[in-house]
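Visitor: return a 3D structure for these sequence lines:
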Amino acid sequence: MKRNVQLVSTLTCPACGFAEAVTMPTDACQFFYDCKGCGIRLKPKAGDCCVFCSYGSVPCPPVQADGKCCGQ
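Guide: Got it, this is the predicted structure:
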């Protein structure tokens, strides 16, 4: 059974709380994201594959579809 994959995730900066809806790439992991609120560069937390899995409202498309991220 194919799962519905959401392509938009709301990234929330842990430093300033700024939140932004971002369209996620479907063919690659996004390792970095520059916060538009305070300018810090978000990086995945240890054990996460991308910024969406660490700071997003929904995980990246590969994790949603297969439970695994890019390269795993």
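Visitor: ok, residues contacting the lowest-mean-pLDDT helix or strand in the chain?
Guide: Taking mean pLDDT, DSSP states H and E as the measure, helix 61-66 is the helix or strand of the chain with the lowest mean score, a mean of 86. Applying C-beta atoms under 8 Å, 6 or more residues apart in numbering, the contact partners of helix 61-66 are 2-3, 5-7, 24-26, 29, 49, 53, 58, 68-70. The way it works is simple: take the backbone N, C-alpha and C, and place the C-beta from them, glycine included.
Visitor: run through the helices of the protein in chain order.
Guide: 51-55, 61-66 (DSSP state H).
Visitor: ok, for the most centrally placed residue in the chain, nearest residue in space, not its chain neighbours?
Guide: In the chain, the residue lying closest to the centroid (C-alpha atoms, centre = their mean) is Phe52, at 1.0 Å. Once its chain neighbours are removed from consideration, Phe52 has its nearest residue in Cys60; the separation is 4.4 Å (C-beta to C-beta, 6 or more residues apart in numbering).
Visitor: would you map the strands across this protein?
Guide: In chain order, the chain shows strands spanning 8-12, 19-23, 33-34, 41-42, with DSSP state E as the criterion.
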